[in-house]
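Trainee: Turn this into a model:
(one chain, ligands or ions: 1)
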Amino acid sequence: MKFEDYKISPKIKSQLKELGYNKPTDIQFKAIDPILKGEDVLAIAQTGTGKTAAFVIPILQKLDQQHVNNKQRVEGVKCLVLAPTRELAIQISKVFQAIGEKLPVVSACIHGGVEQDPQISKLNSGVDILVATPGRMFDLVSQGHLNLKNLEILCLDEADLMLDLGFYKDIEDLLKFIPKKRQTLFFSATITLKIKKLAYSVVNNAIRIQISPKNPVAKNIDHAVVFIEMDDKRFFLENVLKEYDDKKFVVFVRTKVRAERVVAAMERVQVKTEFLHGGVEQQERFKILDRFRTNENRVLITTDVAARGIDIPDVDYVINYDLPDVSENYVHRVGRTGRGMKRGQALSFCSKDELVFLKDIEEYTGEDIQQFELTNGEYEDILGATEDGSNNWKKLIDDAEKDNGNEW
Ligand code: AMP
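Mentor: Numbers count the residues shown, from 1 in each chain. A predicted model of the protein is given here:
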């Protein structure tokens, strides 16, 4: 089935075409019809599966239909989409704007970290769809700037991360402000007991959709692991980044400090990279992401929380510079590549100490990751090829031998 065959506005169809969406992804195929029919939906789907458009398309269609039917405009917001992070909220909002560009439906995005006044003005001018992070949304509700009394659709995206970030109580509180009779769409990348509890407290008789239940990792990603000593990882990263100098990389490390160190190490060997982590100011984060999106910088070194849910098209490689100690994060990380219909590559650098994480990840995903075998010679060659003179013994010895040779 193609989007052409859906009973949706030609204005939406033409936007989908412009975005290069011809046929629905699995989650879109399963979710669009029930949402159009007004059903509650409980979907387990990871980013990269096309889940954003799976709710954006039918929400836009439904609200556009109200305009077509000349339904009298009710006060306040009609659809609220809650997202755990600012980046994700902005990203979702962009999808609403892109697909809904030709519609009279108004969408807006509010999140913390920036001034409140422009957001209040926007709300006062009339907004149909509001994408928001929980903190700022509550601020605006409690100050009386955000009216949710006539809410028709509530959508929770990445609900599991919302719980991880401690928003359980906020979501519970939200339910007190919004009509009981509404449509609820609940999206989560994973399903745990806690998620189930939350889900069943917000949805009503929901249609359940699960994408790739056995293997949560997107199918269009090739996975490989290479065994590297912890201290040698930067030389291998240098090697890969120089070898594929026209490709786009997201590199995951365990901590903020490590992110900065890896950037410094790459700088020493003339590879331009940038770090993005929770300690970076919001405005700077946007700039970093923009530079990455526009290819001004093609290598982003980041940590788990900072990168979760971010949709950047055309990421060719995800590198797990450090393996995640929580297996679930492997799925989120590799989901940065192979998005939509594209193919992606995920390469993990595994040190001896991380073998236990590798085993956990393989158990979690239910699949062995292909091992990339390097002979001793190949391993040494990569160490020898680095331009980092500070710590490269082989190069120092070679250089010393060369110098000696010259002398003699
Ligand atoms: P998401 O899982 O919503 O973050 O989407 C992942 C990526 O898939 C985004 O870059 C979308 O632009 C892309 N995408 C979503 N739906 C489709 C589709 N039907 N055809 C092609 N690409 C899509």
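
Trainee: In contact with Val107, which residues?
Mentor: One correction, residue 107 is Ser, not Val. By C-beta atoms under 8 Å, 6 or more residues apart in numbering, the contact set of Ser107 is 93, 96-97, 100, 127-131. Any C-beta I mention is one placed from the backbone N, CA and C, and that applies to glycine too.

Trainee: Return the per-residue confidence for it.
Mentor: Looking at Ser107, its pLDDT reads 97.

Trainee: Any idea what it is bridged to?
Mentor: Ile129 (DSSP bridges).

Trainee: Tell me where the stretch 301-408 of the chain is predicted with low confidence.
Mentor: Within the stretch 301-408 of the chain, the ranges that satisfy pLDDT under 70 run 307-309, 339-341, 389-408.

Trainee: repeat for the stretch 51-200 of the chain
Mentor: Ranges of the stretch 51-200 of the chain meeting pLDDT under 70: 71.

Trainee: Could you look up the SS state of Lys272?
Mentor: coil (DSSP: H, G, I helix; E, B strand; the rest coil).

Trainee: ok, and the closest non-adjacent residue to it?
Mentor: Using C-beta to C-beta, 6 or more residues apart in numbering and skipping residues adjacent in sequence, the residue nearest Lys272 is Asn297, 6.3 Å away.

Trainee: Check the gap between the one you found and the ligand for me.
Mentor: The gap separating Asn297 from the ligand is 19 Å, by C-beta to the nearest ligand atom, to the nearest Å.

Trainee: Compute the number of surrounding residues for the closest residue to Asp304 other than its chain neighbours.
Mentor: Among residues not flanking Asp304 along the chain, Asn329 sits closest, at 5.0 Å (C-beta to C-beta, 6+ apart). When neighbours are counted by other C-beta atoms under 10 Å, Asn329 registers 20.

Trainee: Asn329 - that's part of a strand, no?
Mentor: No: under three-state DSSP, Asn329 sits outside any strand and is assigned helix.

Trainee: what about it, distance to the ligand?
Mentor: 17 Å.

Trainee: same question, Lys30
Mentor: Lys30 is 13 Å from the ligand, by C-beta to the nearest ligand atom.

Trainee: again with Gly50
Mentor: For Gly50, the distance to the ligand - C-beta to the nearest ligand atom - is 3 Å.

Trainee: Excluding chain neighbours, what is closest to that residue?
Mentor: Gly50 sits nearest to Thr25 (C-beta to C-beta, 6+ apart), 3.4 Å away.

Trainee: Go ahead and confirm Leu383 touches Phe235.
Mentor: Yes: in this structure, Leu383 is within contact of Phe235 by C-beta atoms under 8 Å, at 5.2 Å.

Trainee: Which one's more surrounded, those two?
Mentor: For Leu383 versus Phe235, neighbours defined as other C-beta under 10 Å are more numerous around Phe235 (24 against 19).

Trainee: can you count the residues close to Leu82?
Mentor: Using other C-beta under 10 Å, Leu82 has 24 neighbouring residues.

Trainee: beta partners for it?
Mentor: Bridge pairing for Leu82 - DSSP bridges - gives Ala132, Leu156.

Trainee: End to end on stretch 12-24, go ahead and measure it.
Mentor: 13 Å (C-alpha to C-alpha, to the nearest Å).

Trainee: For the one residue in the stretch 51-200 of the chain that gets nearest to the ligand, what are phi and psi?
Mentor: In the stretch 51-200 of the chain, the residue that lies nearest the ligand is Thr52 (3.2 Å; C-beta to the nearest ligand atom). Main-chain torsions, Thr52, degrees, to the nearest 10: phi -60, psi -50.

Trainee: from what I can see it touches Lys94, true?
Mentor: No: assessed by C-beta under 8 Å, Thr52 is found out of contact with Lys94, at 9.3 Å.

Trainee: the more surrounded of the two?
Mentor: Thr52 (24 against 16).

Trainee: Outline the domain layout of this protein.
Mentor: Residue ranges for the domains of the chain, per automatic domain parsing: 3-211, 221-393.

Trainee: Might one say that the residue nearest to Asp304 is in contact with Val305?
Mentor: No: counting by C-beta under 8 Å, Asn329 sits too far from Val305 to count as a contact (9.3 Å).
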